[in-house]
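In: any chance you could fold what I've pasted below:
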Amino acid sequence: MPTTKITPPYIIGIAEKPQAANRLAWAIDEKNKPEKVDIKGVSVYLCKRDRKKIIIVPAIGHLFTLSQIGENWLYPALDFRWLPTYKEGKSKRTKKYVEVFQSLRSGTKDIIIMTDYDREGEVIGYLILKYVFEKENAKRMKFSTLTKRDINKAFDAMEESLDIGFLNAGLLRHYVDWLYGINFTTALSSSYKRITGKFKLLSIGRVQGPTLFFIVEREEKINLFVPIPYWKIAAEVKMGGNNFSVLYFKDKIDTLAEAQKISSECSSLEGTITDIKSEEKPIYNQPPFNLSELQRQAYWFFKFSPSKTLKIAEKLYLKGIISYPRTDSQKLPMTLGHKNILSKLSQISKYKNLAEEILDKKRFKPFEGKKTDAAHPAIHPTGLPLDNQSTKDEKNLYDLIVKKYLSVFAGPGKKIEKRVEISVNKHIFYFKGQELIEEGWMRYYKPYVSFEEKNTPDVKLNDKVIFNYIKHEKHFTKPPNRFNESTLLKKMEDEKLGTKATRAEIITTLYTREYIEGIEIKPTLLGESIIRVLSKNFPLIITPSMTRDLEEKMDKIQEEKRELKTELISIQQELTKTLKGFHKKEELIGYELATDLHLMPNNNEQLIVLGKCPVCKKGELIIVKNKKTKKRFIACSAFKDPKIQCKATFPLPQYGNIYPTEEICEYDNLPMIKIENKRKTIISCISMDCPSKKSDKNGK
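Out: A predicted model of the protein is given here:
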């Protein structure tokens, strides 16, 4: 690699990642031959254009992070500052990138922000601008693909300023996420340690909380679900010389008696065709991909997790093969140059025939959806082929994106739906069939769409029908399905939790923190415990409405309809109020977490839970130790709850091991315990006044 000394003055271009810097430099250099220069082990690119020197320098995502001002592990923590991430121990490799920018500062006469055009990209560029170059503003390039055409177009039409709306919305997201993350991590972890004497990192973010709540809520519905029996009538008939399964007009029969009655009234009888309906219907196209829909389809077809899909899509984007993936848009404006993209795709053997068909029809207006994005169009191919180093996963996702893009230039498909009704002894059965008459867009989206044809019998009105059999079958209603990553992503989108860029990361975080588990997602004991405790004490933290309100505020700030400072102060005030309440309940919350997780207060022993408290009916009877006397006794877990303050206690023998049993005393309905020592094992009621103990003393 050349070791050219870069002489000032020069223009600095700030790129978000090394691969993006490489493609930007290649496109911007007037000969498409930028000079690669090594500074501190980082490749920067010296370009020449219009007699100017432009040095394109990469970051590796965020080079700065928020850091607490003041003592750690105290809350509320409201004061923060930006520091290089390597100083916070988060990413040591960012140090050399910060140092490269610092080394070039003195010779810089102008700066162009070339990061991804979205909230995060705006923040990444701004923080380098502010904390390295000590400037508040710079020129801004805006592009949606890393193709030569789009990069040069963006360079020639660059803005004179950052997008302040994007920037402030992005900054508020960082501030709010930091405030919620640091404070509730401290609060939950401190309450747990206060009771158990054991440190455990417990956290719940402002988006993680409501997302975890949905999972716990779904699990509770599954656990409480009671299957209800119902019956279906199954029948087979002979029509037009062939056998067909037919359906009874009522999908569910509520009682066995009714099902038996229908079966008996129709058995061994001949039916008559009383109605034939045939209707041509369109099969409408589907919109282009935004990130959420791409993630759902990739999960369905390839079992890619949402985070994996985003990772692969970003790789394809950085290679210039697809457009920017972090988009909500279902729009493909004509300014993208669809004819040019299709012409390039026609040069790729796999897509040659399909692309040429569209080009021959000269119909370049795509089918679009309703959703928009302030910065980027829907995800689409640029026309560039995959390189030889592409992985199987990259090939699969690229094929899905290309096929989707091709399909939006075709019209709807067409099908004929046919329904035949059969009457037998005043009961109606029916058969539904369908036939494809025009593939339309489905031709271009294969193999990711299919149509199941169901041939209809050749019959006419009043034809007689022979019933081969009629029977009733018992079924049960089913509980709701657990979420998988795809359906959870859809739920988050529907509830407006997080953004297209953060939802997959939130799900990954819940797995990493061991709050959820499994492909069919279920909460762990820890996840359930946190939601149960917060639902009881601070439900606002886990309600979707709070997070939605924050997202709406960010949107208003992006539209420059609200002020960043005003909204931040308001959020800090609300958070302070909530955290003061948390302080008051810290010990209670610690007890509830310890009880749920079966940990003995101030000990690492297992917490022994004996059953429901007979006094308050809300707490659990647990074995605790007096801090001063070290004597053990039974108490109600709700004794610290300010609303309950249950005083129920029962003495215990101070020697031997004690175990819970599932037995209830027949005399006073209190839990029975097993007391085990060297001499003997006894099963005893927890009450010293139990009649059973008086009987024992009398020798009975």
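In: which helix is the longest one in this structure?
Out: The longest helix of the chain (DSSP state H) is helix 164-196.
In: what about the helices in the stretch 351-500 of the chain?
Out: Taking DSSP state H, counting those that start in this stretch as the criterion, the stretch 351-500 of the chain carries its helices at 352-361, 392-407, 442-445, 485-494.
In: how about the stretch 51-200 of the chain?
Out: Using DSSP H, counting those that start in this stretch, the helices assigned to the stretch 51-200 of the chain run over residues 94-104, 119-131, 148-156, 164-196.
In: so what are the domain limits for this protein?
Out: Residue ranges for the domains of the chain, per automatic domain parsing: 10-162, 171-223+493-587, 229-285+413-476, 291-407, 608-697.
In: need these in a markdown table with mean neighbour count, mean pLDDT and distance to Asp596, can you?
Out: C-beta here means a position set from N, CA and C on the backbone, and glycine is covered the same way. Shown next, in a markdown table, are the domains of the chain (neighbours: other Cβ atoms under 10 Å; pLDDT from 0 to 100; distance: least, Cβ to Cβ, whole Å):
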| stretch | mean neighbour count | mean pLDDT | distance to Asp596 |
| --- | --- | --- | --- |
| domain 10-162 | 18 | 95 | 22 |
| domain 171-223+493-587 | 18 | 90 | 4 |
| domain 229-285+413-476 | 15 | 93 | 32 |
| domain 291-407 | 19 | 96 | 29 |
| domain 608-697 | 15 | 82 | 9 |
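In: nearest to Asn484, of the ones you listed?
Out: domain 171-223+493-587 (6.0 Å; Cβ to Cβ).
In: same list (the domains of the chain) but as a markdown table, adding distance to Ala594.
Out: Listed next are the domains of the chain as a markdown table, based on distance: least, Cβ to Cβ, whole Å:
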| stretch | distance to Ala594 |
| --- | --- |
| domain 10-162 | 19 |
| domain 171-223+493-587 | 5 |
| domain 229-285+413-476 | 39 |
| domain 291-407 | 33 |
| domain 608-697 | 9 |
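In: coming back round to it: just the C-alpha atoms of the helix or strand just after the longest helix of the chain, please, in CSV.
Out: As assigned by DSSP states H and E, the chain's next helix or strand after helix 164-196 is helix 208-224. The C-alpha atoms that make up helix 208-224 are tabulated as CSV, following Å, rounded to 0.1, in the frame of the first residue of the first chain:
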residue,chain,number,x,y,z
GLN,A,208,-37.4,-4.3,25.4
GLY,A,209,-39.9,-3.9,28.2
PRO,A,210,-43.1,-3.8,26.1
THR,A,211,-41.7,-6.5,23.7
LEU,A,212,-41.0,-8.8,26.6
PHE,A,213,-44.4,-8.0,28.0
PHE,A,214,-46.1,-9.3,24.8
ILE,A,215,-44.2,-12.6,25.1
VAL,A,216,-45.0,-13.1,28.8
GLU,A,217,-48.7,-12.1,28.1
ARG,A,218,-48.9,-14.6,25.3
GLU,A,219,-47.4,-17.3,27.5
GLU,A,220,-50.0,-16.6,30.2
LYS,A,221,-52.8,-16.9,27.7
ILE,A,222,-51.4,-20.3,26.6
ASN,A,223,-51.1,-21.5,30.2
LEU,A,224,-54.6,-20.4,31.1
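In: for the helix or strand just after helix 208-224, which outside residues touch it?
Out: Heading C-terminal from helix 208-224, the first helix or strand you meet, by DSSP H and E, is strand 229-239. Identification of contacts with strand 229-239 by Cβ atoms under 8 Å, 6 or more residues apart in numbering yields 243-248, 250-256, 258-259, 262-263, 266, 271, 273, 420, 422, 429, 431, 457, 459, 463, 465-477.
In: make it 7 Å
Out: Contact with strand 229-239 is made by 243-246, 248, 252-254, 256, 259, 262-263, 271, 422, 429, 457, 459, 465-477, as judged by Cβ atoms under 7 Å, 6 or more residues apart in numbering.
In: what does stretch 240-255 give?
Out: 230-233, 235-237, 259, 262, 422, 428-431, 457-459, 468.
In: and it, end to end?
Out: Stretch 240-255 has an end-to-end distance of 34 Å (criterion: Cα to Cα, to the nearest Å).
In: what does stretch 7-23 give?
Out: For stretch 7-23, by Cα to Cα, the gap between its terminal residues amounts to 23 Å.
In: with stretch 127-143 instead?
Out: First residue to last in stretch 127-143 (Cα to Cα) measures 20 Å.
In: relative to Gly413, which of the helices of the stretch 51-200 of the chain is closest?
Out: helix 148-156 (32.9 Å).
In: helices or strands up against the closest one?
Out: Secondary-structure packing of helix 148-156 (3 or more Cβ pairs under 7 Å, 6 or more residues apart in numbering; DSSP states H and E): helix 18-28.
In: can you list the strands that the next helix-or-strand element following the helix it packs on pairs with?
Out: Downstream of helix 18-28, the first helix or strand assigned by DSSP H and E is strand 35-39. Strand partners for strand 35-39, identified by DSSP bridges, are recorded as strand 42-49 (antiparallel).
In: which residues touch the partner strand?
Out: 4, 6, 18, 21-22, 25, 28-30, 34-37, 53-57, 96-97, 100.
In: rerun that using 8 Å as the cut-off
Out: 1, 4, 6, 13, 18, 21-22, 24-25, 28-31, 34-38, 53-58, 96-97, 100, 104, 155.
In: ditto for stretch 274-284
Out: Contacts of stretch 274-284 (Cβ under 8 Å, 6+ apart): 412-423, 428, 437, 440-442, 451, 459-462.
In: tell me how far the longest helix of the chain is from the chain's mean position?
Out: Taking Cα atoms, centre = their mean, to the nearest Å, one finds helix 164-196 lying 19 Å from the centre of the chain it belongs to.
In: tell me which other helices or strands that helix touches.
Out: Applying 3 or more Cβ pairs under 8 Å, 6 or more residues apart in numbering; DSSP states H and E, one finds that helix 164-196 contacts strand 64-68, strand 80-84, helix 119-131, helix 544-558, helix 564-584, helix 586-596.
In: need the contact list for Phe364.
Out: 334, 338-339, 342, 358, 409.
In: report the two of these separated the most.
Out: Largest pairwise distance in these, by Cβ to Cβ, is 14.6 Å, between Met334 and Ile358.
In: out of the domains of the chain, the one nearest Leu597 is which?
Out: Leu597 lies closest to domain 171-223+493-587 among the domains of the chain, at 5.7 Å (Cβ to Cβ).
In: and the closest one, how far out from the chain's middle?
Out: 14 Å.
In: do me a favour and get the end-to-end distance for that domain?
Out: 34 Å.
In: same deal with stretch 530-548?
Out: 21 Å.
In: residues making contact with it?
Out: The contact list for stretch 530-548 (Cβ under 8 Å, 6+ apart) reads 184, 188, 202, 204, 206-207, 209-210, 212-213, 216, 495-498, 515, 523, 578, 581-582, 585, 588-589, 592-593, 596.
In: kind regards, and thank you for your time.
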